Structures are given as structure tokens and as C-alpha cells.
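>>> 3D, please:
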Amino acid sequence: MQRPAGVTILAVLNYLVGAYLVLGSMFGLLALWLGSFFVVFVCVTALFLSLGYGLCKLRNWARQIQIVLSMIGAVGCLLLTIGLLRDGFDSVSLILGSGFTILNVGIILYLLRPRVKQAFGASSHSGGDLEVRKASEP
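Residues are numbered from 1 along each chain as shown. Predicted coordinates:
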């Protein structure tokens, strides 16, 4: 099956985030600011670049990790927006926070569509993605 256009867009976005993080670390500024967290920074960079590769190659593990990261992003953006609004109404925070929350939810819903799941070789029934499949006996 051919890779869906939305998956290509997600892969490119992951590559762009990874490239941005690589460029930031090349200038050394982030290494100075992060100090002992530099290893975590490098791991996050590798994660985004790996996700870009996995999505391009239609690897189901990349789809599952993208779903989990989008869930974390949606909840994080929502909580951040609520926290910022609690301190005082700021329309920019409301627009950006709710926009990123909607974007993350949209990514989740897109990656759970049966046609997209099928492109990754995942089953399209309503069961969980992480099910254990029995090998067919000869």
C-alpha cells in the first residue's frame, strides 16, 4: 500500500523538529543551558529523527509512538493553557494552546483511521494496537 499523504506530512514534521534540535545543539547554546540534561536532549532529538524515519517506512512502532506523544502533547497543551488562563486571560495563550491541543487530537484521530492503520500493517478492527497475534500453524 502507498504511504498516505498525512503520514508523509507527519514524517516531515518530525524530521524538521529533529533538524531544529540538531541545529540548536550544533551552536552549543543549548548544551550550555541544559548542562547535565544534554543527554536527554540528544535522546529526544534521536527520537524525533527516528519517528520521521519510521513513519516514512510505515513502521507500526512509529505510528504507536506518535500516538502516545500526541496524547502527551494534547494533555500538556491543555493543562498549560488552563494554567496560563488561570493567571489572567491572554487571548494569544488561549489560541495557541487550544490550537496545539486540537492539532494533537487530530493527529491521534488520523493515525487511528482504519485506512492509515492498514498502511502500517496494523489490524483495523476495534481492538487495541498492542495485541499479541498468534502465528498461524502450518
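
>>> surely Trp61 is in contact with Leu51?
No - with contact defined as CB atoms under 8 Å, Trp61 does not count as touching Leu51 (9.3 Å). (Each C-beta comes from the backbone N, C-alpha and C, glycine too.)

>>> can you tell me how far Asp90 is from Ser70?
From Asp90 across to Ser70, the span is 24 Å (CB to CB, to the nearest Å).

>>> please say which of these two ends up with more neighbours.
Ser70 (20 against 13; other CB atoms under 10 Å).

>>> tell me how far that one lies from Ala5.
Ser70 is 18 Å from Ala5, by CB to CB.

>>> show me where this structure dips below the pLDDT cut-off.
Applying pLDDT under 70 to the chain picks out residues 1, 25-37, 89, 124-138.

>>> all helices of this structure, in order?
Taking DSSP state H as the test, the helices found in the chain are 5-26, 29-34, 38-56, 60-86, 91-111, 114-119.
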